[in-house]
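**Student:** return a 3D structure for these sequence lines:
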Amino acid sequence: MPANPSRALIVEDSPAWQEILSEILADQGLAVDVASNLEDATAALRTKPHRMAVIDLSLQDNSGQNEDGLRVMEAVRRHDPGCVPVLLTGYATVEVAVSALTELGAYTCLRKETFRRSEFRELVHRMLAAAPPPTQDLGESGQLSVSASAGRGIDANRTPCSSKTTRAGGAYYPSC
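**Tutor:** Residues are numbered from 1 along each chain as shown. Take a look at the predicted model:
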């Protein structure tokens, strides 16, 4: 791994998902930070720049009612604007997915029940190829800022959730 590798942030409360995602991202050459809740994620975003963040919608709650992941995506926009978020969930509705994509800048929305390691590896590869790594600057305030040239790296090859839906477990999910 390079002396100063690009970083990825995983915001996920399930240790099993943390392990799966960490392995894939590390294999892509990224240093990985893991947070299991909104507070830890916000602290990580303020500390170091990240190329990407994989964010679970529902943190610390298995009912699907918790949507702290959307609050994490808002924190990404505020504290680490060069970071490209990806929403990962087992509970998303079409409305949540559209909001994540259009209002919160998600690169895509992935469903846990249809997650494929090989497809995720390809997605990460495309994301990393789309934009140069961000540069870090601790300004006079001591707050992390990311150079404007870092951008979000979103391109025409991104794989957003489509408007089609599939029915699974009594709920409709976007086809991502």
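**Student:** ok, residue 110 - contacts?
**Tutor:** 86-89, 120, 123, 176 (CB atoms under 8 Å, 6 or more residues apart in numbering). The C-beta positions use only the backbone N, C-alpha and C, and glycine is treated the same way.
**Student:** now do the SS call for it.
**Tutor:** strand (DSSP: H, G, I helix; E, B strand; the rest coil).
**Student:** partner residues bridging it?
**Tutor:** residue 88 (DSSP bridges).
**Student:** with residue 91 as the reference, measure out to it.
**Tutor:** 12 Å (CB to CB, to the nearest Å).
**Student:** where do the helices sit along this structure?
**Tutor:** All helices of the chain, identified by DSSP state H, fall at 15-27, 38-47, 68-79, 94-102, 117-130.
**Student:** right, so of those, which gets closest to residue 54?
**Tutor:** Of all the helices of the chain, it is helix 15-27 that lies closest to residue 54, at 5.4 Å by CB to CB.
**Student:** pull the CA atoms of the closest one into PDB?
**Tutor:** This file holds the C-alpha atoms of helix 15-27, laid out as PDB (Å, rounded to 0.1, in the frame of the first residue of the first chain):
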ATOM      1  CA  PRO A  15     -19.500  -6.200  12.100                       C
ATOM      2  CA  ALA A  16     -20.100  -8.700   9.300                       C
ATOM      3  CA  TRP A  17     -20.700  -6.000   6.700                       C
ATOM      4  CA  GLN A  18     -17.800  -4.000   8.100                       C
ATOM      5  CA  GLU A  19     -15.500  -6.900   7.400                       C
ATOM      6  CA  ILE A  20     -16.800  -7.600   3.900                       C
ATOM      7  CA  LEU A  21     -16.600  -3.900   2.900                       C
ATOM      8  CA  SER A  22     -13.200  -3.400   4.500                       C
ATOM      9  CA  GLU A  23     -11.700  -6.300   2.700                       C
ATOM     10  CA  ILE A  24     -12.900  -5.200  -0.700                       C
ATOM     11  CA  LEU A  25     -11.900  -1.600  -0.200                       C
ATOM     12  CA  ALA A  26      -8.400  -2.500   1.200                       C
ATOM     13  CA  ASP A  27      -7.900  -4.800  -1.800                       C
END
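**Student:** check which helices and strands that helix sits against.
**Tutor:** strand 7-11, strand 31-35, strand 52-56, helix 117-130 (3 or more CB pairs under 8 Å, 6 or more residues apart in numbering; DSSP states H and E).
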